[in-house]
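A.B. asks: Here's a sequence, model it:
(chains A and B)
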Number of protein chains: 2
Amino acid sequence: MPNRLHQQIQFILEIDRLKQILRQTLLTDSSRRENSAEHSWHLAMMAFVLAEYAPSGTDLLQAIKMLLIHDIVEIDAGDVSCYDVQGNLDKAEREQQAANRIFGLLPPDQAAELRALWDEFELRTTPTAQFAAALDRIQPILHNRQTQGHSWQIHNVKQLQVMQRVAPVEVGAPELWGYVQQIVEECIAAGYLASV
Amino acid sequence: MPNRLHQQIQFILEIDRLKQILRQTLLTDSSRRENSAEHSWHLAMMAFVLAEYAPSGTDLLQAIKMLLIHDIVEIDAGDVSCYDVQGNLDKAEREQQAANRIFGLLPPDQAAELRALWDEFELRTTPTAQFAAALDRIQPILHNRQTQGHSWQIHNVKQLQVMQRVAPVEVGAPELWGYVQQIVEECIAAGYLASV
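C.D. replies: All right, here's what the predicted structure looks like:
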């Protein structure tokens, strides 16, 4: 077995662990917490179905690859709620180390490719990364609307924090920005999200 | 909210149910059964990382889209073990109906696109579909090797059936065929798979 294939298979086996990383959001039927592997699948499907709303210059294949890998670092670094101030203090450092280790399981050319893609997602300066980020902000509000604001309520999150969190949609999927604002309004009206 | 976007969002919410469809295979650490959404993510990642082994003429974006959607019909039709003769009798009929209903939630142009992609996967006559099918056959043997042949043993599956099941790898990822045969041999030697 060539060493290159051996490294690729070791990476494929290692990322199975992403299926064990639980997120704050519930499935839409509230039956259990979502894990980061199935979440990544859902976002890749959203990129496929909502591609027409991507900003000019977006590369759909790159956006899908980016969404498939964007949470892999959580295998080592864990899923930290975006509203958890304490947990976010050393998150960047832990995720950098995780990216080094996990992408580093691959042959060097692929390790560099995945790392560059993950860095691009984190920086959000290209249309592709901005579109990917927009989808990653839209999916949790869809799930929160379906689950009566579950992950907002356990973290005592208010409208202002949610609006800051979804703000990247305005740039990354401009035609969906009005819809996202409408969902937030609906959730406030339904009592799922506190306005103050 | 435009009707087109409404249909797209209804589809995105509906496919959340794929996270509840349990497969025969376990996660590699044997802790629980794998679901079809996280399995689809894993296969899309395999297409990304193993793209260099795809047959000439493969379109990687199409292969990844195909793997993302290939099991969505299970939301209605369920996951049937490939070794379950009785369960496979009316599987094709149930999956056709499921494809009609679920892809039919989308706007007509997208419903047709996803349906054509799923049909292409099922037919396995293009290099893209053959590559996608090869990955769908390789992943379960990797998981079976890690879990001491769990899903083979619960269905009392023997070497001949596994070899028939993985045979599409020879066409869909020719350079991986020797490796797949080697895994099967290893599993027999380890007692995870009965040779007769």
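A.B. asks: Look up how far residue B:10 lies from the spatially most central residue of chain A.
C.D. replies: The centre of chain A sits closest to residue A:136, judged by Cα atoms, centre = their mean, with a distance of 4.2 Å. Note on residue A:136: its distance to residue B:10, by Cβ to Cβ, to the nearest Å, is 20 Å. C-beta here means a position set from N, CA and C on the backbone, and glycine is covered the same way.
A.B. asks: And the helix or strand residue A:11 falls within, how far out from the chain middle?
C.D. replies: Using DSSP states H and E, residue A:11 sits in helix A:3-14. The chain centroid and the centroid of helix A:3-14 are separated by 24 Å under Cα atoms, centre = their mean, to the nearest Å.
A.B. asks: Can you tell me which helices and strands that helix packs against?
C.D. replies: Judged by 3 or more Cβ pairs under 8 Å, 6 or more residues apart in numbering or on different chains; DSSP states H and E, helix A:3-14 is in contact with helix B:36-49, helix B:127-146.
A.B. asks: Wondering if the longest one reaches chain A at all.
C.D. replies: Same thing as helix B:127-146. Yes: Helix B:127-146 reaches chain A (Cβ under 8 Å from any Cβ of the partner chain) through B:142-143, B:146.
A.B. asks: For residue A:61, give its distance to chain B.
C.D. replies: 4 Å (Cβ to the nearest Cβ, to the nearest Å).
A.B. asks: Next, the contact list for that residue, please.
C.D. replies: Listed by Cβ atoms under 8 Å, 6 or more residues apart in numbering or on different chains, the contact partners of residue A:61 are B:60-61, B:64.
A.B. asks: pLDDT of the strand ranked longest in chain A, averaged?
C.D. replies: Longest strand in chain A, counting residues (DSSP state E): strand A:22-26. In this model, strand A:22-26 has an average pLDDT of 96.
A.B. asks: list the buried ones in it?
C.D. replies: Going by neighbour count (16 or more other Cβ atoms under 10 Å in any protein chain shown), the buried part of strand A:22-26 is A:23-26.
A.B. asks: just those residues now: which is nearest residue A:194?
C.D. replies: residue A:24 (16.8 Å; Cβ to Cβ).
A.B. asks: That closest one and residue A:80 touch, don't they?
C.D. replies: No: using Cβ atoms under 8 Å, residue A:24 is not in contact with residue A:80, being 9.2 Å away.
A.B. asks: Show me the shaky parts of chain A.
C.D. replies: Scanning chain A for pLDDT under 70 picks out no residues.
A.B. asks: Tell me the strands beside the longest strand of chain A, with direction?
C.D. replies: Strand pairing for strand A:22-26, using DSSP bridges, gives strand A:33-35 (antiparallel).
A.B. asks: tally of neighbours for residue A:95?
C.D. replies: Residues lying near residue A:95 (other Cβ atoms under 10 Å in any protein chain shown) number 20.
A.B. asks: Revised request: answer the last question for residue A:60.
C.D. replies: 16.
A.B. asks: which residues sit in contact with it?
C.D. replies: By Cβ under 8 Å, 6+ apart, the neighbours of residue A:60 are A:47-48, A:51, A:54, B:61.
A.B. asks: can you rerun that using 7 Å?
C.D. replies: A:47, A:51, B:61 (Cβ atoms under 7 Å, 6 or more residues apart in numbering or on different chains).
A.B. asks: Okay, the second one and chain B: tell me how far apart.
C.D. replies: Between residue A:51 and chain B the distance is 10 Å, computed by Cβ to the nearest Cβ.
A.B. asks: Skipping adjacent residues, who's closest to residue A:114 in space?
C.D. replies: Spatial nearest neighbour of residue A:114, chain neighbours left out: residue A:103 (4.5 Å); criterion: Cβ to Cβ, 6 or more residues apart in numbering or on different chains.
A.B. asks: List the buried residues in stretch A:188-195.
C.D. replies: Buried positions in stretch A:188-195, judged by neighbour count with 16+ other Cβ under 10 Å: A:188, A:192-194.
A.B. asks: Over to stretch A:81-95?
C.D. replies: Buried residues in stretch A:81-95 (16+ other Cβ under 10 Å): A:82-83, A:94-95.
A.B. asks: First residue to last residue on it, what's the distance there?
C.D. replies: 14 Å (Cα to Cα, to the nearest Å).
A.B. asks: And for that stretch, what's in contact with it?
C.D. replies: For stretch A:81-95, the surrounding residues in contact (Cβ under 7 Å, 6+ apart) are A:24, A:73, A:77, A:80, A:155, A:157, A:161, A:165.
A.B. asks: doesn't residue A:151 make contact with residue A:24?
C.D. replies: Yes: between residue A:24 and residue A:151 there is a contact under Cβ atoms under 7 Å: 4.1 Å.
A.B. asks: list the contacts for the closest residue to residue A:106 other than its chain neighbours?
C.D. replies: Excluding the flanking residues, the one nearest residue A:106 by Cβ to Cβ, 6+ apart is residue A:11, at 5.0 Å. By Cβ under 7 Å, 6+ apart, the contact set of residue A:11 is A:105-106, B:49.
A.B. asks: Try it again at 8 Å.
C.D. replies: Neighbour list for residue A:11: A:102, A:105-106, B:49 [criterion: Cβ under 8 Å, 6+ apart].
A.B. asks: returning to what we had before: the residue nearest to the centre of chain A contacts residue A:67, doesn't it?
C.D. replies: Yes: contact criterion Cβ under 8 Å: residue A:136 and residue A:67 qualify, at 7.2 Å.
A.B. asks: what touches both of these two?
C.D. replies: Common neighbours of residue A:136 and residue A:67 (criterion: Cβ under 8 Å, 6+ apart): residue A:43.
A.B. asks: I'd like the buried residues of stretch A:81-95 laid out as TSV, including distance to residue A:169 and secondary structure.
C.D. replies: Listed next are the buried residues of stretch A:81-95 as TSV, based on distance: Cβ to Cβ, whole Å; DSSP: H, G, I helix; E, B strand; the rest coil:
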residue	distance to residue A:169	secondary structure
A:82	14	coil
A:83	17	coil
A:94	27	helix
A:95	23	helix
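A.B. asks: Which one of these is nearest to chain B?
C.D. replies: residue A:95 (18.4 Å; Cβ to the nearest Cβ).
A.B. asks: State the distance from the closest one to residue A:80.
C.D. replies: Noted for residue A:95: a distance of 9 Å to residue A:80, by Cβ to Cβ.
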